[in-house]
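[1] Sharing a model prediction with you, sequence too.
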Amino acid sequence: MLISKTLKCKVLSPTQKKWELLNQEYTNFQIYVRSGKNFGIYSLTKANFDFVYKNKARKKKQPMPLHNQSTKFKITGSKLTPYWFRIPVKGKRGGIWLPIKPHENIDSSWEIREAKVFKRKKDFWIYITIRKEVELKTSYSSVLALDVGEKVIAAAVLSSVRKPIFLGREVRGIRRHHAWLRKRLQERELFKKLKEMRSKEKRRVELVLHEVSKYIVELAEKNDSIIVLGDLKGIRKQDKGKRFNRIINSFPFSKLSFFIEYKAHLKGIAVVKVREDYTSKTCNRCGEEGKRVRQGLFKCSHCKYQANADFNGAMNILKRSWEHIFQDGAVAFSPEPPMTEKTRAEAH
Ligand SMILES: [Zn+2]
């Protein structure tokens, strides 16, 4: 499986000469974007931009796109930074080597793809797309299932333990606190402050999501589990209503899914998605319809089963994973999942 990501790198104080060459190239590029006049841009960069922006309206400012054939990346023993990136500039054969500081460390197993150059105030940034091929494990000793929670972002359950694990409880508090703040700022018409608070809230929630996804993947690694997630797309069509809207709008489960998938794949752990619809209404013991009787408690009218509603949902996801990944009594995973009723219907 091919995974890719963007490495955000700051260009560290290059020599005056290099800075001028880079700035010249970048300035010429911006003039070209605005006016179409070419005062000197590296040919492949220009061709690359023309290709991508063929039919698009040109905007005021664009990041400078570098073709991967025109750049080079190396990891050195240099004291300043081990990471160096060579970019092409017009009029300097072989381009210029720039010391860069990525937002996270990488090793040489990654393949370098295209890059984009940005300028913010006097600093230059290069966003580099990197990718690598990972091999996913095909057999596991347990299943780790996750469902969207009511009070938490997600409820998880391990097939080997079957006790609930509630994740991201703090997000609700963050949300509530910021809703209160927003109201105060709106009343006082402090719109700039309001905008700042919005991005602050987003960063805080994202930080929790990163921690939760890291925890989940480590748990799966420790227990040799395959990860099964409730797929929100499943309820998009069928289960519209209050629950649907609340999940989509306020609980960043899809973002969490994305983080989990990414981090799991890096460690060779497969992630399977199963239908999420009705997991909150179905009794995980007898399969009949039940109800959420009061805050967070699920009660089955058929078999009288009672449990935390989020745990019941996660158990349903765990049960649904059976048909996807169990083969001959063992947990196995094939990159081509077996056909479900739905995909079978679509195939016809
Ligand atoms: Zn029941």
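    Sure thing, it's come through. Residues are numbered from 1 along each chain as shown.
[2] what's the closest residue to residue 253 other than its chain neighbours sitting at in phi/psi?
    What sits nearest to residue 253 in space, not counting adjacent residues and going by C-beta to C-beta, 6 or more residues apart in numbering, is residue 148, at 4.6 Å. Every C-beta, even on glycine, is put in place using the N, C-alpha and C of the backbone. In terms of degrees, to the nearest 10, the main-chain angles of residue 148 are phi -60, psi 130.
[3] Next one: residue 148 from residue 277, what distance?
    Counting by C-beta to C-beta, to the nearest Å, the separation of residue 148 from residue 277 is 11 Å.
[4] What's the separation between residue 141 and the ion?
    Relative to the ion, residue 141 is positioned 29 Å away (C-beta to the ion, to the nearest Å).
[5] who touches that residue in this structure?
    Each residue near residue 141 by C-beta atoms under 8 Å, 6 or more residues apart in numbering is listed here: 160, 223-225, 331.
[6] likewise residue 52?
    With contacts taken as C-beta under 8 Å, 6+ apart, residue 52 has the following neighbours: residue 65.
[7] same question for stretch 178-197, mean pLDDT?
    Averaging pLDDT along stretch 178-197 yields 87.
[8] Put the alpha carbons of that stretch into CSV.
    In CSV, the C-alpha atoms belonging to stretch 178-197 read as follows (Å, rounded to 0.1, in the frame of the first residue of the first chain):
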residue,chain,number,x,y,z
HIS,A,178,-15.2,27.7,23.2
ALA,A,179,-18.9,28.0,22.5
TRP,A,180,-19.2,30.0,25.6
LEU,A,181,-16.2,32.2,24.6
ARG,A,182,-17.6,32.7,21.1
LYS,A,183,-20.8,33.9,22.5
ARG,A,184,-19.1,36.5,24.7
LEU,A,185,-16.9,37.7,21.8
GLN,A,186,-19.8,38.0,19.5
GLU,A,187,-21.7,40.1,22.0
ARG,A,188,-18.9,42.5,22.2
GLU,A,189,-18.3,42.3,18.4
LEU,A,190,-14.7,41.3,18.8
PHE,A,191,-14.6,39.6,15.4
LYS,A,192,-10.8,39.4,15.0
LYS,A,193,-10.5,37.8,18.4
LEU,A,194,-13.4,35.5,17.4
LYS,A,195,-11.4,34.3,14.4
GLU,A,196,-8.3,33.7,16.5
MET,A,197,-10.4,31.7,19.0
